[in-house]
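A.B. asks: sequence first, predicted model second:
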Amino acid sequence: MRKRTAILILLAGLLLILALFLTVNREQRFQQHRYVFGTWVDMTIWGVSEKRAHQAINAISTDFQTQHHQWHAWHSSPLTDLNQAIATGQTWNVQQASLLPLLVQAKRFSDQSDGLFNPAIGQLIALWGFHQDDLDNHHAVPPAEKIAELVALAPSLDDIEIDGKQVTSRNRAVQFDFGAFAKGYAVDLAIDKLRSLGIHNAIINAGGDLKAIGQKGEQPWLIGIRHPSGKGVLAACSVSGEESVMTSGDYERFRESEGVRYSHLLDPRTGWPVQGLTSVTVIDRSGVLADAASTALSVAGLPDWHRIARQMGIKYVMLVDDAETVYMNPAMAARIQFPSEKLPKIVVSEPL
């Protein structure tokens, strides 16, 4: 009898352990992919049931689709309505709650970057052929005189006045394209939504614009930074708590003409694609700031990235040039891990 009782207790214990294992297993990683903002968005949630994760991801996906419509730069949208009003000299009453914060933050980032971050150059972006859904990557270089003509009009955030919900521009050449930082803002909002739903361990990755909160079980999140060639991983870094890792590069959106690759990142001072750097990675708590800064530093280039990073309050920067030399400030260098068999040439700057 005692032996039978012991066996029953043992079986009960094993069943309890199995039940606990299955419960933990159900509350580990849940991941889904959605296509929005013209790229694949990966959403990973850790530590909740599949049902809760699925509900959260559906809520975020709905928000992303709404934002994609409201911020679209060439399909009919509230943003194109604003651009049309500016082009015709009208004052526009912005109704969408998510559009005004982008305008306000764009003005701030433009000031901090000495105008190197400039989402008012939508006409130039369109001229280079980047206002298309399907890029075949082969496109004739626009006439130099047309580029110079648009640059001479000097559209900038300084031309914009915001009074409550009313937006006016002194310059009819202003045409907004928020592609340089909208995804960073979107992932900020997505992380806020997850927290409101009681989820505290997650990653949202919108085509290289990534934000993480919490950690993966007992470990920090390990984030891979894509190689500028578009093939494989250049490096990795660990993040925990709340941090954004944003990378601007020419490996996804670019044009080729006569064997030359032209980045989608344009220098507003010249109207031509940036040269010299193939990718810039910025880490910051704020996704929208990190996204805007990665664009501004790409334009600043090697001669001026350090000064602009300081002005924008950035603490972690990594740049890669055409020769695949890596430039970092010391704080970033302390966080980045490279594959030992593919260690690049590294140049560490003065501290930020």
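C.D. replies: Here it is on my side, so go on. Residues are numbered from 1 along each chain as shown.
A.B. asks: beyond the helix or strand where residue 304 lies, next helix or strand please.
C.D. replies: If you go by DSSP states H and E, residue 304 is part of helix 287-312. Helices and strands here follow DSSP H and E; after helix 287-312, the next one along the chain is strand 316-321.
A.B. asks: what does the helix or strand following that following strand rub up against?
C.D. replies: Tracing the chain past strand 316-321, the next element assigned as helix or strand by DSSP H and E is strand 326-328. Residues from elsewhere that reach strand 326-328, judged by Cβ atoms under 8 Å, 6 or more residues apart in numbering: 234-235, 302, 305, 317-321, 336, 344-349. To be clear about C-beta, it is placed using only N, CA and C from the backbone, and glycine gets the same treatment.
A.B. asks: what's the closest of these to residue 36?
C.D. replies: Residue 36 lies nearest to residue 234 out of these, by Cβ to Cβ, at 25.5 Å.
A.B. asks: got the contact list for that closest one?
C.D. replies: 225-228, 279, 320, 326, 338, 344.
A.B. asks: assumed it was part of a strand.
C.D. replies: Yes: per DSSP: H, G, I helix; E, B strand; the rest coil, residue 234 lies within a strand segment.
A.B. asks: ok, now which ones touch residue 336?
C.D. replies: Applying Cβ under 8 Å, 6+ apart, the residues contacting residue 336 are 225, 235-237, 318, 328.
A.B. asks: how does it look with 7 Å?
C.D. replies: For residue 336, the contact set (Cβ atoms under 7 Å, 6 or more residues apart in numbering) comprises 235, 237, 318, 328.
A.B. asks: could you do residue 67 as well?
C.D. replies: Per Cβ under 7 Å, 6+ apart, neighbours of residue 67: 98, 186.
A.B. asks: tell me the SS of it?
C.D. replies: Per three-state DSSP, the secondary structure class of residue 67 is helix.
A.B. asks: so how far is residue 263 from residue 329?
C.D. replies: 23 Å (Cβ to Cβ, to the nearest Å).
A.B. asks: helix/strand/coil for the closest residue to residue 153 other than its chain neighbours?
C.D. replies: Excluding its sequence neighbours, the residue lying closest to residue 153 (Cβ to Cβ, 6 or more residues apart in numbering) is residue 173, at 3.7 Å. Under three-state DSSP, residue 173 falls in the coil class.
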